[in-house]
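Participant: Model the following, please.
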Amino acid sequence: MFLFRDSVHRPMRRVLGLTVTMLLLSGLTGCSRFEPEASLRLVPPAEFETWWSKTEQCSGLHASFQRVQWYVVPGDSFSCPGGRCVGHWEDNHTIYIAEDWLQNEMVVRHEMLHDLIGHPGHPDPPFGDGCPLTWATWGGDGASLRAGDAPPRID
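Facilitator: Numbering: from 1, shown residues only. Presented below is the predicted three-dimensional model:
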């Protein structure tokens with residue numbers, strides 16, 4: 001049996017064809033990536049390249065710093081898939097940092113490490129052992145938070 005063999009089924013074939021085409025196009029264009037409101041493209045300061053090198057060194061992973069697209073989000077945090085974040089990495093080599101945290105080496109390097117490993121999550125190593133780039137393991141500048149404050153989320 002040929003469902004679309006005779007001329008009676010031609011209109012149905014056209015409708016089905018258009019439906020399939022629209023579904024495919026919506027699948028290609030309808031998947032919007034994470035992008036916080038008011039985020040602005042950032043030309044990374046030279047210090048970021050130094051931090052990138054340090055992160056490559058501690059992780060043993062290497063990639064081009066230039067592949068990363070940087071965005072700054074005004075304020076001290078922004079909405080992200082996990083709640084409120086100060087930093088967030090996307091798998092298309094895009095990093096978002098809350099403006100108030102741009103000079104925090106741990107936050108910025110944490111997102112850099114996500115880009116180097118190429119996935120979310122915090123496997124140890126390299127997070128923790130190797131690259132102490134979590135609130136629990138970091139001992140560098142900006143490590144202390146006010147008493148009673150929960151550490152901000154970094155994705």
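
Participant: So what are the structural domains in this protein, by residue number?
Facilitator: Annotated domains of the chain cover 1-31, 40-154 [automatic domain parsing].

Participant: so what's residue 120 up against?
Facilitator: By CB atoms under 8 Å, 6 or more residues apart in numbering, the residues touching residue 120 are 89, 114, 155. Heads up, the C-betas are built off the backbone N, CA and C, glycines and all.

Participant: swap that for residue 82, sorry
Facilitator: With contacts defined as CB under 8 Å, 6+ apart, residue 82 is in contact with 153, 155.

Participant: Quick check: next helix or strand after the helix or strand of the chain with the lowest mean pLDDT?
Facilitator: When the helices and strands of the chain are scored by mean pLDDT, DSSP states H and E, helix 10-29 comes last with a mean of 41. Counting by DSSP states H and E, the next helix or strand C-terminal to helix 10-29 is strand 40-42.

Participant: So in that sheet, which strands flank that next one, and in what orientation?
Facilitator: According to DSSP bridges, strand 40-42 has the following sheet partners: strand 69-73 (antiparallel).

Participant: pLDDT (mean, whole number) over the partner strand?
Facilitator: Strand 69-73 carries an average pLDDT of 97.

Participant: Identify each buried residue in it, please.
Facilitator: Neighbour counts over strand 69-73 (16 or more other CB atoms under 10 Å) mark 70, 71, 72, 73 as buried.

Participant: Return the set of residues that bridge with the residue lying closest to the third one once chain neighbours are set aside.
Facilitator: Spelled out, it's residue 72. Take residue 72 and drop its neighbours on the chain: the residue closest to it by CB to CB, 6 or more residues apart in numbering is residue 42, 4.5 Å away. Counting by DSSP bridges, residue 42 forms beta bridges with residue 70.

Participant: Name all residues that make contact with residue 42.
Facilitator: For residue 42, the contacting residues are 70, 71, 72, 97, 102, by CB under 8 Å, 6+ apart.

Participant: Not counting its neighbours along the chain, what's nearest the last one?
Facilitator: Nearest residue to residue 102 in three dimensions, chain neighbours excluded: residue 72, at 6.3 Å (CB to CB, 6+ apart).

Participant: Looks like that neighbour contacts residue 101 (just checking).
Facilitator: No: Residue 72 is beyond contact range of residue 101, at 9.4 Å (criterion: CB atoms under 8 Å).
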